[in-house]
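here's my sequence, what's the structure:
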Amino acid sequence: MKVLHLIGGGDVGGAKTHVLSLLSGLGHHITAELVSFRAGGFAQEAIALGIPTHVISNGNVMRDIAELRTLYREGGYDIVHCHGAKGNMMGALLRLREHATVVTTVHSDYRLDYMGRPLGALTYGNINRVALRLIPNHIGVSDPVSDMLVSRGFAPYGIFSIYNGLDFSEEVGTQPEGFDRWEYLRSIGADCSPGDVVCCIAARLDPVKDIATLIRAFAGTPEYMKLVIAGEGDERERLTALASASGAGKRIFLVGWLDSADPLYRACDINLLTSLSETFPYAVTEGARRRLATISSRVGGIPLLIENGENGFLFTPGDADELRDLLCILGEDGELRRAFGERIYEKAAREFSIDATINRQLEIYRTILARRELPRRQGITICGAYGKGNTGDDAILQSVIAGLRSVQPLRRIYVLSRKPDEIRLRYRVDSSYTFNIFAMLRALRHSTLYINGGGNLIQDITSTRSLMFYLFTLFAGKRCGCKVLMYGCGIGPVGRPLNRRLTSRTLDRYVDEITLREDESRDELRDLGVQSPRVTLAADPALSLSPASHAAVDEVMHKNDLDPQGAYICFSLRPWEGFNEKLEAFAACAAHAWDKYHLEAVLLPVEPTRDLAAARRVAALIRTPCRIVETPLSPELALGVISRMRAAVSMRLHGLIFAAGAGVPLVGVAYDKKVSSFLHYMHQELCIPLDEVDADSLCRLTDLALSKNSDELAQSVERLRAAEKNNTQAVLRLLGGSAEASR
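Residues are numbered from 1 along each chain as shown. The predicted structure is shown next:
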């Protein structure tokens, strides 16, 4: 593989470090060359590192373009990789004129790159915006940057994420012999002495770095705290005046540009970053490499490294009062500084090393080249009840996408959803509004497989209109030339005679394969007279989900006044015909769980727009402690919260699925046959129809659930998880591939 990197050549800071360290590492695996459009320090440093470097700087952009085109044609490069505005402009021109395969790394929010420089924003900024739109592949330096690109309309299919990595090897981390921190600090102009707590920030003196907020905050810290600001920029004069006026001017030192920030990090106690916008800056990982306690604004990908209060502090950008309080806490507590420093070092060395960055970059290159070989029509379109605020449906979609990516990672995925912007951002897939028929047909014509599912879409208990729409999508998928798969679904009930005939005819004519999430749906297909599609018994895709991290679950529990170590019973209820007559029974069950087992009731809505009202009606009748989870939860968080429960009583199917997946004893309240069908399929018979619910029966079933052997539930779940793999095997059959061949 041969890759040509393009960069303006005047870069400093994180972008410079990223490109040089990346190229140095890539050179051990592939042929990686650099074009700098400016002679000088950047190009000289690259040459000194052994990076094959071409300097194209003719003083005339047309000559630069001509020389670059000649280099590209003669060099036989597989990929052109751009960095920065000048690199992006040149890469976009190569794509247009030479049909080059081009990717760009977005190192920052391009709308803020020329903040405070209106002429630069008008010229270079706008040229860069156009160039970025002409380049099909984008690498965000952190997931938040990639999310920013998706939110601004860039195609998710071409967006990748990478994180700045550093060398954490033992030799790099060794303290130089004879290094005297106080002597070093005095040598750069910082009047510090033993007994001082020294804080530092290494950054451009630019409005986006918001060092003004740091100076205002520092004015309120104790006299023994000193601040070293390393960097140059347009704001130097303003910041110098602000420091002088703050009353802390004698404790704040603007030391200018340093050839290397590493000795500064070795000499200081606290590392700071106060930016209004960032990607994933080296300033934080470089400080972590020196085991520095860190305070940073909560921006970009920084929260992925710093867990607030665990291995550092995060504050709201621009909030000087909050920053001042955190500075005072760390300034006063040396043991906390040491603990934070060790913890951030361990996490950074484990997850943000240069080796991880190099491996990720190589993976991105391989993906881009492999996609280039795919036929024009290669996508997969998915349609279901998505984007309606139902955590269960979201869990299905997330699981379907994860399943597809596990076996067909190169293919483009299109999702029809009620909230396409949200789906694009959350899952990094192309999405359009469910009932935008023209967008649907366009997606289908670019696809080879149409997936309908999961869930119970083929039923008329909700409405005939819903059934007709989903039958139409099956017809449209086949007519547009796709293979058609109904994925991990339930069937029925379809009650009206005309609907039954139309359903049978449509499934027979236009569906290639059906995978079912429980066995009673197979009986319904047989009763409908469906014979042509291949039918495979699988399981609900949501059973393959993993819960969110412990820290994330703890955080959401704290937000809802729940002790992560508490003892709880979960109720997932929904409004339905006859539900209001059963409120007292659910409240009595909650009281019974408290009185007998000391379990506090937690009411967790699966579809908040509908379920919150039901939860509040029951909570109003509960005489013992109870909580309502008011925060809308992602599928992983819902699964994580339910995993902390001792038992679950649920009308919602996915409340039961989440509980089962987490090994939590469960009781089903069947308002629909899909609830009882799932429990029957699991060989878990603790279920009662809604119309038969009373206080005694619910309490008795809860007692039985809590007394059952947990091994039995675990075995049932493992059996279903094994069956769930039949969903992705059906995908492979219809696409004519295998999991190994698709990678």
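
next one: stretch 561-570 to chain centre, how far?
Computed by Cα atoms, centre = their mean, to the nearest Å, the chain-centroid distance of stretch 561-570 equals 26 Å.

endpoints of that stretch, how far apart?
Length of stretch 561-570, first residue to last, Cα to Cα, to the nearest Å: 15 Å.

cool, stretch 540-548 as well?
19 Å.

report the buried residues of it.
540-545, 547-548 (16 or more other Cβ atoms under 10 Å). Where you see a C-beta, it was placed from the backbone N, CA and C, and this is true even at glycine.

so who does Ile622 touch?
By Cβ atoms under 8 Å, 6 or more residues apart in numbering, the contact list for Ile622 reads 587, 590-591, 601.

what residues are up against the closest residue in space to Pro541 that isn't next to it in sequence?
Of all residues not flanking Pro541 in the chain, Ser399 sits nearest, at 3.5 Å (Cβ to Cβ, 6 or more residues apart in numbering). Counting by Cβ under 8 Å, 6+ apart, Ser399 touches 454, 488, 541-545.

quick one, phi/psi of Ser399?
Dihedral angles of Ser399 (phi, psi; degrees, to the nearest 10) stand at phi -70, psi -40.

touching, Tyr124 and Gly84? I think so.
No: with contact defined as Cβ atoms under 8 Å, Tyr124 does not count as touching Gly84 (9.3 Å).

neighbour count winner among these two?
A side-by-side neighbour count of Tyr124 and Gly84, using other Cβ atoms under 10 Å, places Gly84 first with 25 against 18.

can you tell me how far the more buried one sits from Arg129?
Per Cβ to Cβ, to the nearest Å, Gly84 is found 13 Å from Arg129.

and Leu258, helix, strand or coil?
Under DSSP: H, G, I helix; E, B strand; the rest coil, the three-state class of Leu258 is coil.

contacts only, for it.
188, 202, 230, 264.

flag the shaky bits of the stretch 451-600 of the chain, pLDDT-wise.
Judged against pLDDT under 70, the stretch 451-600 of the chain has no low-scoring part.

wait, Phe571 sits on Ala588?
No: assessed by Cβ under 8 Å, Phe571 is found out of contact with Ala588, at 11.9 Å.

and Gly668, which of the three is it?
The three-state assignment at Gly668 reads strand, by three-state DSSP.

neighbours of the nearest residue to it once chain neighbours are set aside, just the number please.
Spatial nearest neighbour of Gly668, chain neighbours left out: Cys687 (3.9 Å); criterion: Cβ to Cβ, 6+ apart. Neighbour count for Cys687, taken as other Cβ under 10 Å: 18.

so Cys687 makes contact with Tyr671?
No: assessed by Cβ under 8 Å, Cys687 is found out of contact with Tyr671, at 11.1 Å.

related to what we said a few turns ago, now the buried members of the contacts of Leu258.
202, 230, 264.

in the chain, what spans have low per-residue confidence?
11-14, 114-116, 170-176, 737-743.

just give me how far stretch 25-32 sits from the chain centre.
On the basis of Cα atoms, centre = their mean, stretch 25-32 sits 29 Å off its chain's mean C-alpha point.

start to end distance for that stretch?
Termini of stretch 25-32 sit 9 Å apart (Cα to Cα).

what comes into contact with that stretch?
1-3, 5, 23, 50-52, 354-355, 357-358, 361-362, 365.

wait, is Arg376 part of a strand?
No: assessed with three-state DSSP, Arg376 is coil; it does not lie in a strand.

what about it, how many neighbours?
For Arg376, using other Cβ under 10 Å, the count is 6.

now for the lengthiest strand in the chain, which elements pack on it?
Taking DSSP state E as the criterion, the chain has its longest strand at strand 447-458. With contacts taken as 3 or more Cβ pairs under 8 Å, 6 or more residues apart in numbering; DSSP states H and E, strand 447-458 sits against strand 379-383, helix 391-407, helix 464-479, strand 483-491, helix 710-735.

can you pull the domain assignment for this protein?
Annotated domains of the chain cover 2-162, 181-352, 377-537, 557-721 [automatic domain parsing].

nearest to Leu734, of those?
domain 377-537 (4.2 Å; Cβ to Cβ).

now the end-to-end length of that closest one.
Domain 377-537 end-to-end distance (Cα to Cα) = 30 Å.

repeat for stretch 191-204
Using Cα to Cα, the end-to-end distance of stretch 191-204 comes out at 22 Å.

centre of the chain versus that stretch, how much separation?
On the basis of Cα atoms, centre = their mean, stretch 191-204 sits 35 Å off its chain's mean C-alpha point.

distance check, Glu278 against Asn164.
Taking Cβ to Cβ as the measure, Glu278 and Asn164 are separated by 11 Å.

ah, wrong one, I meant Glu513
Here Glu513 is placed at a distance of 44 Å from Asn164 (Cβ to Cβ).

between these two, point out the one with more neighbours.
Using other Cβ under 10 Å as the criterion, Glu513 and Asn164 rank with Asn164 on top: 25 against 17.

check contacts around the more buried one.
Counted by Cβ under 8 Å, 6+ apart, Asn164 has contacts 14, 17-18, 141, 279-282, 285, 352, 357.

with Leu71 instead?
With contact taken as Cβ under 8 Å, 6+ apart, Leu71 is in contact with 4, 35, 54, 56.

what helix or strand is it on?
helix 61-75 (DSSP states H and E).

and after that helix, which helix or strand comes next?
As assigned by DSSP H and E, the chain's next helix or strand after helix 61-75 is strand 79-83.

just checking: what are the partner strands of that following strand?
Sheet pairing for strand 79-83, assigned by DSSP bridges, gives strand 2-7 (parallel), strand 102-106 (parallel).

distance to Arg534 added to those, as a markdown table?
Below are those laid out as a markdown table (distance: least, Cβ to Cβ, whole Å):
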| stretch | distance to Arg534 |
| --- | --- |
| strand 2-7 | 44 |
| strand 102-106 | 40 |
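
in a markdown table: those strands, plus distance to Val494 and mean neighbour count.
Shown next, in a markdown table, are the strands paired with strand 79-83 (distance: least, Cβ to Cβ, whole Å; neighbours: other Cβ atoms under 10 Å):
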| stretch | distance to Val494 | mean neighbour count |
| --- | --- | --- |
| strand 2-7 | 55 | 23 |
| strand 102-106 | 49 | 25 |
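
nearest to Ser676, of those?
Once the strands paired with strand 79-83 are compared by Cβ to Cβ, strand 102-106 is nearest, at 50.7 Å.

ok, and what's touching the closest one?
So strand 102-106 is contacted by 18, 79-83, 87-88, 91-92, 94-95, 131-132, 135-141, 145, 149, 162, 279, 364-365, 368 (Cβ under 8 Å, 6+ apart).

among those residues, name the ones in strands.
Counting by DSSP E, the part of the contacts of strand 102-106 found in strands is 79-83, 137-141, 162.

going by distance to Pro575, which of those residues wins?
Of these, the one sitting nearest to Pro575 (Cβ to Cβ) turns out to be Gly140, at 41.5 Å.

residues in contact with the closest residue to that closest one other than its chain neighbours?
The shortest distance from Gly140 to any non-neighbouring residue, by Cβ to Cβ, 6+ apart, is to Ser146 (3.4 Å). When contacts are counted by Cβ under 8 Å, 6+ apart, Ser146 is found next to 138, 140, 159-161, 428.
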